[in-house]
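Q: Model the following, please.
(chains A and B)
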Amino acid sequence: KQEVTQIPAALSVPEGENLVLNCSFTDSAIYNLQWFRQDPGKGLTSLLLIQSSQREQTSGRLNASLDKSSGRSTLYIAASQPGDSATYLCAVVPGANNLFFGTGTRLTVIP
Amino acid sequence: KAGVTQTPRYLIKTRGQQVTLSCSPISGHRSVSWYQQTPGQGLQFLFEYFSETQRNKGNFPGRFSGRQFSNSRSEMNVSTLELGDSALYLCASSLVEGAEAFFGQGTRLTVV
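A: Numbering: from 1, shown residues only, chains lettered A, B, ... in the order given. From the prediction side, this is the model:
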């Protein structure tokens, strides 16, 4: 059974700092991996989608990498801002169209 | 282009009642999935529909059911509500299997 783990569970950084969020999964047979952010009480906002054949994707200050063989993905956020404060979730798609979610990393960016 | 729309946003129900939640996917998207989010269990997959057919189902009791209409709109129903069904229910749509998933704002269900 696929298990997705995100470390750390919570992270506080000063504004302007670069940071890395980690996601690991147990079954490397995935179709793709997607990163989301969730603000309190709200739905999920898609940040980046990495297909299984890709190694990384970039969008603005965000860069996500994927290493299927080791079961790892990272989300790099450059020059963090207070508006980046949210919970970040990674999800893997094993093949069927359902996502397995990690437990999330709660990020706080301190002004 | 409108996003995924879920209605209602908030619901309060009594134990034993039933509830129906609605999801309108992004125009052109034919796959609709439902998820339950609770503080203790995180996000868990309920079921997925594509072209009115349920293709995949998570590990939830039969009290949880759903359907999809010909216009891709989807509903999920929970019968005989229990206190533990209190959660944020999220709907996601995607163009095809494996494509980027887009989520609605969710329906917050409280069972009292």
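
Q: only C-alpha atoms for contact and neighbour calcs from this point on.
A: Noted.

Q: Residue numbers of chain B in contact with chain A?
A: B:33, B:42-45, B:47-48, B:56, B:90, B:97-98, B:100-106 (CA under 8 Å from any CA of the partner chain).

Q: Turn the buried ones among those into a named PyMOL selection, would you?
A: To isolate the buried members of the residues of chain B next to chain A in PyMOL, using 16 or more other CA atoms under 10 Å in any protein chain shown:
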select buried, chain B and resi 33+43+44+45+47+48+90+97+98+100+101+102+103+104+105+106
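
Q: Among the residues of chain B next to chain A, which ones are in strands?
A: B:33, B:42-45, B:47-48, B:56, B:90, B:102-103 (DSSP state E).

Q: So which residues on chain A come close to chain B?
A: A:31-32, A:34, A:42-46, A:49, A:93, A:95-101, A:103.

Q: about what we covered before: format the ones in strands among the residues of chain B next to chain A as JSON lines; extra columns: pLDDT and distance to B:S70.
A: As requested, those are arranged in JSON lines below (pLDDT from 0 to 100; distance: CA to CA, whole Å):
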{"residue": "B:S33", "pLDDT": "95", "distance to B:S70": "15"}
{"residue": "B:G42", "pLDDT": "92", "distance to B:S70": "31"}
{"residue": "B:L43", "pLDDT": "95", "distance to B:S70": "27"}
{"residue": "B:Q44", "pLDDT": "95", "distance to B:S70": "26"}
{"residue": "B:F45", "pLDDT": "94", "distance to B:S70": "22"}
{"residue": "B:F47", "pLDDT": "93", "distance to B:S70": "17"}
{"residue": "B:E48", "pLDDT": "93", "distance to B:S70": "15"}
{"residue": "B:N56", "pLDDT": "89", "distance to B:S70": "18"}
{"residue": "B:L90", "pLDDT": "97", "distance to B:S70": "21"}
{"residue": "B:F102", "pLDDT": "95", "distance to B:S70": "20"}
{"residue": "B:F103", "pLDDT": "96", "distance to B:S70": "20"}
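
Q: Most widely separated two among those residues?
A: Maximum pairwise distance in those, criterion CA to CA, is 19.3 Å, between B:G42 and B:N56.

Q: of the residues of chain A next to chain B, buried ones?
A: Neighbour counting with 16+ other CA under 10 Å marks A:31-32, A:34, A:42-46, A:49, A:93, A:97-101, A:103 as buried within the residues of chain A next to chain B.

Q: Point out the least confident member of those, please.
A: Ranked by pLDDT, these bottom out at A:N97 (66).

Q: remind me which residues of chain B are low pLDDT?
A: Scanning chain B for pLDDT under 70 picks out B:1.

Q: actually chain A, sorry about that
A: Along chain A, segments meeting pLDDT under 70 span A:95-97.

Q: In it, what residue spans correspond to strands?
A: Secondary structure of chain A, counting by DSSP E: strands at A:4-7, A:10-14, A:19-25, A:32-38, A:44-51, A:56-59, A:62-67, A:72-77, A:86-93, A:100-101, A:105-110.

Q: Kindly report the same for chain B.
A: B:5-7, B:10-13, B:19-24, B:31-38, B:42-50, B:53-57, B:64-68, B:74-78, B:87-94, B:102-103, B:107-111.

Q: ok, back up a step: put together a markdown table for the strands of chain A, with distance to B:G66 on each row.
A: Output for the strands of chain A, formatted as a markdown table (distance: least, CA to CA, whole Å):
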| stretch | distance to B:G66 |
| --- | --- |
| strand A:4-7 | 26 |
| strand A:10-14 | 35 |
| strand A:19-25 | 29 |
| strand A:32-38 | 25 |
| strand A:44-51 | 21 |
| strand A:56-59 | 34 |
| strand A:62-67 | 34 |
| strand A:72-77 | 33 |
| strand A:86-93 | 21 |
| strand A:100-101 | 20 |
| strand A:105-110 | 31 |
